[in-house]
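**Student:** with the sequence up front, the predicted model follows.
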Amino acid sequence: SPRLPVDSAPYGSMAASGAAAVALVQYVVLRGDLVRPPRSWPLGAVVAQGCHAALAAAHTHRQHPDTRAYLELGGAMRTVVLEAPDEAALTALAETLKQHSIDHEVWTEQPENTATCLALRPYPKDQVHQHLKKFKLLK
């Protein structure tokens, strides 16, 4: 994917102005089936999967201008948590993102070797939303 220089508009002045010219969003997609029988994972364990994936995506892509700008927003960071119905849907989404060169990280819980979550690096919403619109907000 193309990488913009750090001082490229609109990102160069975003943190200093406190207002994002382009709204950056980090999408996190968790498997909803993990909290339901037969798996019945504790809610905290599933939340931890989302945290792991979000941190992995931010760390892996920490030098990308969008990630840097997003992290500089502090309390104004926007994260959207969506639900994939199961592992097959999560895997299919990961493949779609890969085909479209969208930076993301899949979190695989060990020792079970189970894909539980994926997170995109922060992106302008309009660059990635079309690949995520079939997923509902996690409830």
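**Tutor:** Nice, I can see it.
**Student:** what's the burial count for Arg39?
**Tutor:** Counted with other Cβ atoms under 10 Å, the neighbours of Arg39 add up to 11. (Glycine included, C-beta is placed from N, CA and C.)
**Student:** how close does it get to Glu112?
**Tutor:** 10 Å (Cβ to Cβ, to the nearest Å).
**Student:** ditto for Asp103
**Tutor:** The span separating Asp103 from Glu112 equals 25 Å under the rule Cβ to Cβ.
**Student:** looking at the two, which is more packed in?
**Tutor:** Using other Cβ under 10 Å as the criterion, Asp103 and Glu112 rank with Asp103 on top: 19 against 8.
**Student:** is it true that Arg62 touches Ala69?
**Tutor:** No: the pair formed by Arg62 and Ala69 falls short of the contact definition of Cβ atoms under 8 Å, at 11.7 Å.
**Student:** comparing these two, which residue is more hemmed in?
**Tutor:** For Arg62 versus Ala69, neighbours defined as other Cβ under 10 Å are more numerous around Ala69 (22 against 11).
**Student:** tell me where this structure has helices.
**Tutor:** Counting by DSSP state H, one finds helices in the chain at the ranges 14-17, 43-60, 65-72, 87-99, 125-132.
**Student:** how about those helices in a markdown table, adding mean pLDDT and distance to Val28?
**Tutor:** Output for these, formatted as a markdown table (pLDDT from 0 to 100; distance: least, Cβ to Cβ, whole Å):
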| stretch | mean pLDDT | distance to Val28 |
| --- | --- | --- |
| helix 14-17 | 42 | 22 |
| helix 43-60 | 97 | 5 |
| helix 65-72 | 96 | 13 |
| helix 87-99 | 98 | 11 |
| helix 125-132 | 96 | 10 |
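**Student:** out of those, nearest to Trp107?
**Tutor:** Nearest of the helices of the chain to Trp107, taken as Cβ to Cβ: helix 43-60 at 3.9 Å.
**Student:** what sits up against the closest one?
**Tutor:** The contact list for helix 43-60, computed with Cβ atoms under 8 Å, 6 or more residues apart in numbering, reads 26, 28, 30-31, 34-35, 67, 70-71, 79, 81, 103-107, 109, 116-122.
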